[in-house]
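**Student:** Give me the fold of what follows.
(one chain, ligands or ions: 1)
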Amino acid sequence: MPAADVPAPPTVVAVRDLDLHYGAFQALTKVSVEIPDRTITALIGPSGCGKSTLLRCINRLNDLVPGVRVQGQVQVAGQDVLGAQLPVQELRRLVGMVFQRPNPFPLSVAENLTYGPRLHGTLSRSDATVLVEEVLQAVGLWEALKDRLHTSALRLSPEQQQRLCIARALATRPAVLLMDEPCSALDPVATEHIEALMLRLASERAIIVVTHNMQQAQRVSTYSGFMLMGELVEFGLTPQLFEAARDTRTADYVAGRFG
Ligand SMILES: Nc1ncnc2c1ncn2[C@@H]1O[C@H](COP(=O)(O)OP(=O)(O)OP(=O)(O)O)[C@@H](O)[C@H]1O
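**Tutor:** Residues are numbered from 1 along each chain as shown. A predicted model of the protein is given here:
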């Protein structure tokens, strides 16, 4: 964990003056943040404050919502996300996403993992074999599943399904992994395993995790952002945000005085 006087790692996601409206409702207001590479950043705040909306701006998942309007700038690895230059398909390769409920495709374990890379280009049979082992190793599933690669992913336990979804997101070698409440459908033991996995994976790419769980944010993240009613109130090193917040609203929230 870097001390407050150690320079932050280079920025991998830069958000500047981001406004988002769902129809007439403004869900994000002038959000600016620089997310450091190769570390975990947690987004916290009360229900409805815009955490998931901000996350979904980073891979343009909000594009699918009718009536959505986005203004401002989002850059991932130096590339402009909201403009027309970066095709959405390439963006989705660069930015993986894991959701609250494990959502494997109704396909085999191996097909879940090769689906993305096949969509993004050609994947030879030998490359696919190497890739499947690599990403299953990365999420600690190789030993358990190496003889079940052609089993339906839907037959796995919830924890295995969530690990598989993380492996599927890793298969396109993203620079950033977005995780929206990735443990909320899991029991405490599975949650502990996924948190340990997140810490391992963050040595090679940035992870941005939305969580309602204050303990989880403190256990896994190096940086945290506190959001309230569409604004990013405070962003900084996690211990500082939890123990010496600059803004009284942050201090009140992390102390459990509201939300
Ligand atoms: N598709 C949508 N259409 C209209 N309003 C939406 C849509 N999605 C979210 N909102 C609204 O935008 C606001 C922010 O929602 P968002 O899901 O980003 O919050 P959140 O902080 O992630 O909440 P939670 O912690 O409950 O998941 C909320 O008021 C929500 O009702």
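**Student:** Only C-alpha atoms from now on, for both contacts and neighbour counts.
**Tutor:** Will do.
**Student:** What residues are bridge-paired with the residue nearest the centre of the chain?
**Tutor:** Central residue of the chain (CA atoms, centre = their mean): residue 178, 1.4 Å from the mean position. Here residue 178 sits in beta bridges with residue 97, residue 208, as judged by DSSP bridges.
**Student:** Verify the stated contact: it with residue 100.
**Tutor:** No - counting by CA atoms under 8 Å, residue 178 does not reach residue 100; the two are 11.0 Å apart.
**Student:** how near is the residue nearest to the centre of the chain to the ligand?
**Tutor:** In this view, residue 178 and the ligand are 13 Å apart by CA to the nearest ligand atom, to the nearest Å.
**Student:** Where does the stretch 151-259 of the chain get nearest to the ligand, which residue?
**Tutor:** residue 212 (6.5 Å; CA to the nearest ligand atom).
**Student:** re earlier: what's the residue nearest to the centre of the chain in contact with, if anything?
**Tutor:** The contact partners of residue 178, by CA atoms under 8 Å, 6 or more residues apart in numbering, come to 55, 95, 96, 97, 98, 207, 208, 209.
**Student:** Export those residues as JSON lines, with columns for distance to the ligand and neighbour count.
**Tutor:** Putting these into JSON lines (distance: CA to the nearest ligand atom, whole Å; neighbours: other CA atoms under 10 Å) gives the following:
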{"residue": "55", "distance to the ligand": "8", "neighbour count": "20"}
{"residue": "95", "distance to the ligand": "18", "neighbour count": "24"}
{"residue": "96", "distance to the ligand": "18", "neighbour count": "25"}
{"residue": "97", "distance to the ligand": "15", "neighbour count": "26"}
{"residue": "98", "distance to the ligand": "14", "neighbour count": "23"}
{"residue": "207", "distance to the ligand": "16", "neighbour count": "28"}
{"residue": "208", "distance to the ligand": "13", "neighbour count": "26"}
{"residue": "209", "distance to the ligand": "11", "neighbour count": "28"}
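**Student:** Which of those sits closest to residue 141?
**Tutor:** Residue 141 lies nearest to residue 98 out of the contacts of residue 178, by CA to CA, at 16.5 Å.
**Student:** Run a quick neighbour tally on the residue lying closest to that closest one once chain neighbours are set aside.
**Tutor:** Using CA to CA, 6 or more residues apart in numbering and skipping residues adjacent in sequence, the residue nearest residue 98 is residue 179, 4.7 Å away. Applying other CA atoms under 10 Å, we find 22 residues neighbouring residue 179.
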